[in-house]
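Q: Model the structure of this input:
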Amino acid sequence: MIDQYKNAAAQVSKLREITAHPGLREQERVFMPIKIQDALPAREILENENIFVMTEYRAMHQDIRPLNVLMLNLMPTKIVTETQFLRKLSNTPLQVEVEFLHMASHMSTHVDQTHLSTFYQVFEQIQDKKYDGMIITGAPLDFVEFEDVDYWEELKRIMEWTKTNVHCTLHSCWGSFAGLYYHHGIRKRDRVPKLSGIYSHQVVKKNSPLFRGFDDVFYAPHSRATEITASQIEAVPELELMAVSDEAGVAIAKTVDSRQFFITCHPEYDSDTLKLEYERDLDKGMEPLLPVNYFPNDDPSKQPIVNWRSTGQLLLSNWLNYYVYQSTPYKL
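A: Residues are numbered from 1 along each chain as shown. Below is the predicted model of the structure:
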């Protein structure tokens, strides 16, 4: 334990030395960035937003062990999802090295195969590695039983593997329902009509580090036709309810040992994500309901006003800091 504290102290001291270097630009002194592959499309997008992204070359010349985070991206719009999560992970004083994983048993048709082969790996390539953190994203699989998903068996292998090879796993939306079902036997149920919009939430565990900096009420997008209930979470001794919404229900839960997080909302969403989903469903002739509390005066021609950006930033930053960086072993 003493050696671990010495290692942590040495790492903090080195971080301060690097970030105080007078030759660095202002934004480089403020944030220690995410490390991603140089050619990843998200890099240019984030740099245009003045978010500091470290190149592989520069990262190799810094004597800091980065946090190793794996993202299992189940969304068809992979580049959009990559960028949304990387944007949130980048705004901390930590250096984070992100790797991407996709399902070998599923053929992705909405992304260029060159993108997958260049930036993504499959489970067999990383199964012997260990990670500080992992994110399992959502997937557009409303009304589909888990056993009917073509990659369910592979996903079960990965979720079992996280118990021994990942220090802390964050499940997002459909990934949360899949994780709660596999790990804790909680069955999802269909929700009709689909939940879509911006909803207010109340923090249940107000003293949790996850909510440091949060307001008494926070807002976040939801976009799902699936739900679980607070009573289902409370019936499992290993789980605890963290945040709820009067309208949207369970928003955040986690295991008591803080190794697994389950988030049913989408604090990583861009300002126009719900708008694009709404327009997509209109084009399909699905007659979707207007997203709740989203368009000003419920007028789809008006630009949505974002009131969840800080929530998303705090949530991902607090998860990364308090539940990954502060508790992960220095030597994986």
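
Q: Every contact and neighbour count from this point should use C-alpha atoms.
A: Fine.

Q: Show me the helices in the stretch 1-150 of the chain, by range?
A: Using DSSP state H, counting those that start in this stretch, the helices assigned to the stretch 1-150 of the chain run over residues 2-19, 26-30, 41-48, 56-59, 78-89, 113-119, 123-126.

Q: Return the member of the ones you listed having the minimum mean pLDDT.
A: Mean pLDDT is lowest for helix 26-30 among the helices of the stretch 1-150 of the chain, at a mean of 32.

Q: Can you report how many residues lie near residue 137?
A: 22 (other Cα atoms under 10 Å).

Q: Confirm for me that it is in contact with residue 78.
A: No - using Cα atoms under 8 Å, residue 137 is not in contact with residue 78, being 10.1 Å away.

Q: What count of nearby residues applies to residue 194?
A: Count around residue 194 with other Cα under 10 Å applied: 16.

Q: ah, wrong one, I meant residue 285
A: Neighbour number of residue 285 under other Cα under 10 Å is 9.

Q: How about residue 208?
A: 12.

Q: and if you look at residue 271?
A: Neighbours around residue 271, by other Cα under 10 Å: 17.

Q: so how far is residue 277 from it?
A: Residue 271 sits 12 Å away from residue 277, taking Cα to Cα, to the nearest Å as the criterion.

Q: beta partners of the residue lying closest to residue 162 once chain neighbours are set aside?
A: Sequence neighbours aside, residue 169 is the residue nearest to residue 162 in space, at 7.3 Å (criterion: Cα to Cα, 6 or more residues apart in numbering). For residue 169, the beta-bridge partners are residue 134, residue 260 (DSSP bridges).

Q: Start the count at 337 instead of 1 going forward.
A: Noted, 337 is the first residue going forward, which turns the last one into residue 505.

Q: Who are the contact partners of residue 505?
A: Each residue near residue 505 by Cα atoms under 8 Å, 6 or more residues apart in numbering is listed here: 469-472, 498, 595-597.

Q: Against which helices or strands is the helix or strand hosting residue 496 packed?
A: Using DSSP states H and E, residue 496 sits in helix 488-501. Packing partners of helix 488-501 (3 or more Cα pairs under 8 Å, 6 or more residues apart in numbering; DSSP states H and E): helix 510-520.

Q: how close does the spatially closest residue to residue 599 that is not a sequence neighbour sit to residue 435?
A: Leaving aside its chain neighbours, residue 599 sits nearest to residue 588 (4.6 Å; criterion: Cα to Cα, 6+ apart). Separation of residue 588 from residue 435 (Cα to Cα): 25 Å.

Q: Equivalent analysis for residue 572, please.
A: From residue 572 to residue 435 the distance is 32 Å (Cα to Cα).

Q: Give me the more crowded residue out of those two.
A: residue 435 (19 against 13).

Q: List the buried residues of the longest strand seen in the chain.
A: Longest strand of the chain, by residue count under DSSP state E: strand 525-539. Of all the residues in strand 525-539, those buried under the rule 16 or more other Cα atoms under 10 Å are 530-539.
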